[in-house]
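Asker: Kindly generate the corresponding structure for this input.
(2 chains)
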Protein chains: 2
Amino acid sequence: MMRDALSTGGDQNGYGPVAGIRELREAAAGYWERRGLPTDPDLVVAGPGSKPLLYALLLAIGGDVAIAAPSWVSYAAQSHLSGGQPLFVPTAPAQGGVPEPDALAQAVTEARAAGRDIRAVITTCPDNPTGTVASRGTVRRLTEVAQELDLVIISDEIYRDLVHDPTTVVHSPAEFAPERTVITTGLSKNLALGGWRIGVARLPDSDTGRHIHAALLGIASEIWSSPSGPVQRAAAYAFQEPAEIVDLVARSRRLHGLVARAVAERFRAAGVPVIAPQAAFYLYPDFGVWREWLGEAHGVTTGPELTRMLLDRYGMGVLPAVEFGESTHALRVRVATSLLYGESEAQRYSALAAEDPTALPWIRAHLDRISEVLDEVRQEQPAVAVPAMAS
Amino acid sequence: MMRDALSTGGDQNGYGPVAGIRELREAAAGYWERRGLPTDPDLVVAGPGSKPLLYALLLAIGGDVAIAAPSWVSYAAQSHLSGGQPLFVPTAPAQGGVPEPDALAQAVTEARAAGRDIRAVITTCPDNPTGTVASRGTVRRLTEVAQELDLVIISDEIYRDLVHDPTTVVHSPAEFAPERTVITTGLSKNLALGGWRIGVARLPDSDTGRHIHAALLGIASEIWSSPSGPVQRAAAYAFQEPAEIVDLVARSRRLHGLVARAVAERFRAAGVPVIAPQAAFYLYPDFGVWREWLGEAHGVTTGPELTRMLLDRYGMGVLPAVEFGESTHALRVRVATSLLYGESEAQRYSALAAEDPTALPWIRAHLDRISEVLDEVRQEQPAVAVPAMAS
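Answerer: Residues are numbered from 1 along each chain as shown, chains lettered A, B, ... in the order given. Have a look, this model is predicted:
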């Protein structure tokens, strides 16, 4: 059905509206309304992915942006590309994606006192790289700080529908500060359609929102004109959430949850603490407990040295915390579980359909290999007590 | 067939390479090779339209860019968005899109002496807004100046296949300065598929080219990740130039030529000079000969006043020269003939198929309306001799 919509959309040859076709903007508005966020289709802007929308939002808002450490690599890269300099603010444990509100208030106040022009803050719920979902209290306190400091909130909710436990509620800053929160999302993560390149932004229904909306359209017009017409048609279909789409998202969510929990167990069993993943397909285990041993036995003292060793010696591909804006000495690494689902489309389909995907031979083999690698890394580790897990 | 390719491309779900799928890059390389420009597919970068590619090239090259006056509105807008300031250089008559080479040399030398960092020049062959094709001599002299001043040339060739007379040769700066010329093109103009959003850039096979290529990929990765997968498949098909595509482009070219010439005749018959259009679907008539009369009878002294009057009083939608980087006092206007082909898809199809499209009732009516409007505007003009046409 998605492909039918794409094919039917083949007659979308001419340049459409910069903001995207009405059909798509209305479907996106409906998507948000079903999540408790009433939305005016005239304040929805579609783009060729949520990434270009985020970039254009940074240009439209101007000044500098505060972002979480750790956070998705492209926020900082886009901030630099737009001529700015990101202000990194740490997050509290298990509150990934949301700069710790009091630390944010302090960092912004100090940066402004030093003459910097901080105008916005990016939040990511659920979060990449930690796979966690910030609590209602954290999100609410963040919005209070944003109101006190007059910051626009850019809420990246691309993983919203991928909470593992369907009863986990994702709280958007737009619930508490609707006048200043821009939400972005897309099809890439929920439907694993990253290659189709479509995203939508929901602008606030306020003077601030209308101001950003106008600037965003001007920039979008000069950078990309409009999203691909045929893809817009397909996206309009998906955002209406017909049964086949709802079912696919539910299966994906379940698969991500089962595999992420299994991976977390392997790390914990090996003695590497990891915050329990709640959404999406990422984990962020912390090798800091092995710091001394990693230095002595492997000559590893930094995150990049650790991930290079894991890749070169064991073929395990993970990213160091420094890539996400943390210190180069941090020994946290981001593990993406989606690589475990299989090499072929048939394997990935089986994984989506399986009652217990962790029992499928190729996924089981990946899990066992994680345990093996971790055991080898700590093989000659002195027999000391393994510290308690962080969560 | 294009739609079949689009539909088949629906399985391109995952993120593909930032530069685009190999199939598309090889097809684009073949397209350029058939035009005398040997191309390495590894130096081709696809993006979601040639517009985002142009923007990312400005960021990748850095510094400021020289552009023609008049030239397409988005060059200047993108230069500003990228944090720069365009250096406008006039063109010689009938040499649209290419800054007059000696004027370019002087302007860049002066700007550099004043401390500005000019690194590139954009050329447009065939040109928007003038519909002209710069001669071999002009293009060649431009490349010599670029070599003397060490400027990268960004050659926008989106209208390349739309020369009205198939024997008109389009000379790319890449013929004369292959080491420093980046070419961009797309499907939007040749195939009237603007809404699909796909473009390709051909980077020079040189140290300069490889340097820009690496920077371009880094920026593309952070702004848009990759072009839409399904659209890439369809574009790969189109760039292979199968018979149906060649036939469609030939029909479009013929239609644009017949209608553009008919529009030019109407302007000339009314006494408004216009350089003979040679390509694409634009004309750039010059109302300067009526300046005195326009002031006296209509209170019009600037380009924007002229176009506002034409729209408000006569419903004729054209753009003033100031939009293309010329003086606000210039009374040249850009006319786009593509609006004349019909309101419905059926009408536009008939226009493509017709032996004499200018005889179709809706096109004939548009042409007659142009004559009517021009006659009304000059209705009470004093009986003076109409000056000779510029071309």
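Asker: got the contact list for the nearest residue to A:Asp42 once chain neighbours are set aside?
Answerer: Beyond its immediate neighbours in the sequence, the residue positioned closest to A:Asp42 (CB to CB, 6 or more residues apart in numbering or on different chains) is A:Arg25, lying 7.5 Å away. The way it works is simple: take the backbone N, C-alpha and C, and place the C-beta from them, glycine included. Neighbouring residues of A:Arg25 by CB atoms under 8 Å, 6 or more residues apart in numbering or on different chains: A:Ala19, A:Pro41, A:Asp42, A:Val44, A:Val45, A:Ala46, A:Val200.
Asker: Buried residues of the helix or strand containing the last one, list them for me.
Answerer: Mapping A:Val200 onto the secondary structure by DSSP states H and E places it in strand A:199-202. Within strand A:199-202, the residues that qualify as buried are A:Gly199, A:Val200, A:Ala201, A:Arg202, counting by 16 or more other CB atoms under 10 Å in any protein chain shown.
Asker: Please dump those residues into CSV; it should also carry distance to chain B and pLDDT for every row.
Answerer: As requested, the buried residues of strand A:199-202 are arranged in CSV below (distance: CB to the nearest CB, whole Å; pLDDT from 0 to 100):
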residue, distance to chain B, pLDDT
A:Gly199, 10, 96
A:Val200, 15, 98
A:Ala201, 15, 98
A:Arg202, 20, 98
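Asker: so where does the residue nearest to A:Asp42 fall, helix or strand?
Answerer: Take DSSP H and E as the rule and A:Arg25 turns out to sit in helix A:22-33.
Asker: Could I get the full set of helices for the stretch 151-300 of chain A?
Answerer: Here the stretch 151-300 of chain A has its helices, by DSSP state H, counting those that start in this stretch, at A:173-176, A:207-223, A:229-239, A:243-270, A:291-298.
Asker: out of those helices, deepest packed?
Answerer: helix A:229-239 (a mean of 26; mean count of other CB atoms under 10 Å in any protein chain shown).
Asker: Packing partners of it?
Answerer: helix A:2-8, helix A:22-33, helix B:229-239 (3 or more CB pairs under 8 Å, 6 or more residues apart in numbering or on different chains; DSSP states H and E).
Asker: please redo it, this time with the cut-off set to 6 Å
Answerer: Applying 3 or more CB pairs under 6 Å, 6 or more residues apart in numbering or on different chains; DSSP states H and E, one finds that helix A:229-239 contacts helix A:2-8, helix A:22-33.
Asker: Return the member of those helices having the minimum mean pLDDT.
Answerer: Mean pLDDT is lowest for helix A:2-8 out of the helices and strands packed on helix A:229-239, coming in at a mean of 55.
Asker: any idea how chain A splits into domains?
Answerer: A:2-240, A:245-377 (automatic domain parsing).
Asker: Give me the distance between the longest one and the centre of its chain.
Answerer: Right, the one you point to is domain A:2-240. Taking CA atoms, centre = their mean, to the nearest Å, the mean C-alpha location of domain A:2-240 is offset from the chain mean by 11 Å.
Asker: who in the stretch 201-350 of chain A is up against chain B?
Answerer: Counting by CB under 6 Å from any CB of the partner chain, the stretch 201-350 of chain A comes close to chain B at A:Glu222, A:Ile223, A:Trp224, A:Ser225, A:Ser228, A:Gly229, A:Pro230, A:Val231.
Asker: Turn those into CSV, columns for pLDDT.
Answerer: Shown next, in CSV, are those (pLDDT from 0 to 100):
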residue, pLDDT
A:Glu222, 95
A:Ile223, 96
A:Trp224, 95
A:Ser225, 93
A:Ser228, 92
A:Gly229, 91
A:Pro230, 89
A:Val231, 91
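Asker: And these, which two are furthest apart?
Answerer: By the measure CB to CB, A:Glu222 and A:Pro230 form the most distant pair in those, at 22.7 Å.
Asker: Point me to the residue sitting closest to the centre of chain A.
Answerer: Nearest residue to the geometric centre of chain A (CA atoms, centre = their mean): A:Asn128, 3.8 Å.
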